[in-house]
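# After the sequence you'll find the predicted model.
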Amino acid sequence: MKSLLRHILILSFMVVSTAMADTIPFTQAAFDRLQHEGKPVLVGIHADWCPTCRAQAPIIASLLKQKDYQGITLLRVDFDNQKDVVRSFHVIQQSTLIVFKGGKEVGRSLGDTSPESIENLLRKAL
């Protein structure tokens, strides 16, 4: 039983690690450039220790690989180390997702781990 649990934990870690590998760390310059170009953007306020953030990661990664959502750029804000950025988005908690379209915020969610509602949020950016 311990062996099975260990394998499940290792696989879970691999899924989360792979999902997060496709993100771009948030920089103001990258955000400004994407906004200026009118590109769809998903800003994810993330903390590595957050179980909700870890649950969101593979869902977001899977959605962004789908043809409809491949044009959305995910910029990941480190909740613990980018407090100025967190405040600039008026965020008080990790696991916040914010979508932008045409340079304007068009939706946000907090603590959402439902694939359907995260997909609905991403649609707002298109």
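Structure received. Residues are numbered from 1 along each chain as shown.
# Could you give the number of residues near residue 51?
Residues within reach of residue 51, counting by other CB atoms under 10 Å, total 10. The C-beta positions use only the backbone N, C-alpha and C, and glycine is treated the same way.
# ok, now residue 84?
By the measure other CB under 10 Å, the count of residues near residue 84 is 8.
# For it, give me its contacts.
For residue 84, no residue meets the contact criterion (CB atoms under 8 Å, 6 or more residues apart in numbering).
# do you know how far it is from residue 110?
From residue 84 across to residue 110, the span is 20 Å (CB to CB, to the nearest Å).
# where do the helices sit along this structure?
Assigned by DSSP state H, the chain shows helices spanning 2-21, 28-36, 51-65, 83-88, 115-123.
# Distance-wise, check the closest residue to residue 119 other than its chain neighbours relative to residue 80.
Setting aside the residues directly before and after it, residue 119 is nearest to residue 63 in space (CB to CB, 6 or more residues apart in numbering), at 5.6 Å. Noted for residue 63: a distance of 25 Å to residue 80, by CB to CB.
# Comparing those two, which shows the higher neighbour count?
Remark: of residue 63 and residue 80, residue 63 carries more neighbours, 20 against 12, as counted by other CB under 10 Å.
# Would you check that that one makes contact with residue 117?
No - under the criterion of CB atoms under 8 Å, residue 63 makes no contact with residue 117, lying 11.2 Å away.
# re earlier: quick one: contacts for the residue nearest to residue 119?
The contact partners of residue 63, taken as CB under 8 Å, 6+ apart, are 69, 115, 118, 119, 122.
# hmm, try it at 6 Å
Going by CB atoms under 6 Å, 6 or more residues apart in numbering, residue 63 touches 69, 119, 122.
# The helices of the chain: lowest mean pLDDT?
Lowest mean pLDDT within the helices of the chain: helix 2-21, a mean of 41.
# these two touch, right, residue 23 and residue 78?
No - assessed by CB atoms under 6 Å, residue 23 is found out of contact with residue 78, at 10.6 Å.
# Bridging across strands, which residues link to the closest residue to residue 109 other than its chain neighbours?
Spatial nearest neighbour of residue 109, excluding adjacent residues (CB to CB, 6+ apart): residue 97 at 5.0 Å. In this entry, residue 97 is beta-bridged to residue 44, residue 109, by DSSP bridges.
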